Each structure stands twice: as C-alpha cells, then as structure tokens.
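Chemist: quick one: sequence plus predicted model below, questions after.
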Amino acid sequence: MALLLVPQISFAQSCKVDLAAVEKSIERLELSYADVLSDISCEAPTVKAHRLMCDSADEYPSGLWRMGRLDDLAWVYANENATGQEVDRSDPPRDAGFIARRDACTDAACLCDVIVSHTNDSLGGESPYSPP
C-alpha cells in the first residue's frame, strides 16, 4: 500500500491539492449530479492526457481522476446556474475550449493547472482549490 501512496503524496504536493476537500465537494455536488459522466473513456485511451487521468483512477487516492470528476460535476452545475435550464445529464454540453486545453496536456502538472482553473471558473468561491 505504501507504494501507492508515495506517487499521490508527490502529486498532492506538486499540485497543491487537498484531496479531502476535493472529495467533500464531489460528495456535495453528487447529491444532485451523480448521473453526470466523464467525457473520457478509459477503455483504450489514446490521448496522453486521458491516459494520465485513467492511470490515476487506479490509484488511491486518485488525484487527477477525482479532480476531473469534480470538474465534470462543477461544469454542469455552473451551466445550469448560468442558464436557469436543466441540462441532459446523460449527455451534458461540454466546454470545447477546456477539453482542447486539457487534452493538449502531456504531464500531470499541466492537467492539474487546467483542471483547477476550469473548476475555479465553474464554482467560484465554492471551489476547494486555492485561487491562483
């Protein structure tokens, strides 16, 4: 088990993310948005950023994957709040600009920066991440 914790400790330090706070935010948003799914499939990811996130899903605690989960929930939450309209949660609208920035990442540091920024934009003061 210690081998699995070392990469995550390093991840949390380099990413400066409080994974417990991320989980708390996910729990809060999943009360209403549990049916929102990721746009990333881990069946056979070909995009480097997707592979990094999918690899993270197998780790405990899974930093990048869980950050991505929070971002998916936060985006739908922000969308509904901005428009006053409920979206199809099985196929919510996606932020193409964010997806392009995320998918251009080739390392965890880039993914962290892009996901944190997007989640902060979606949740504002409710985001578990420190402002930049």
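Modeler: Arrived safely. Numbers count the residues shown, from 1 in each chain.
Chemist: where in this protein is the helix or strand with the lowest mean pLDDT?
Modeler: helix 2-15 (a mean of 45; mean pLDDT, DSSP states H and E).
Chemist: return the list of helices and strands in contact with the following helix or strand past that one.
Modeler: Where DSSP states H and E defines the elements, the next helix or strand beyond helix 2-15 is helix 19-33. Packing contacts for helix 19-33, counted by 3 or more C-beta pairs under 8 Å, 6 or more residues apart in numbering; DSSP states H and E, involve helix 63-83. Bear in mind the C-beta positions are built from the backbone N, C-alpha and C, glycine included.
Chemist: buried residues in the helix it packs on?
Modeler: Within helix 63-83, the residues scored as buried using 16 or more other C-beta atoms under 10 Å are 63-80.
Chemist: now it, how far from the centre of its chain.
Modeler: In terms of C-alpha atoms, centre = their mean, to the nearest Å, the centre of helix 63-83 is set 7 Å apart from its chain centre.
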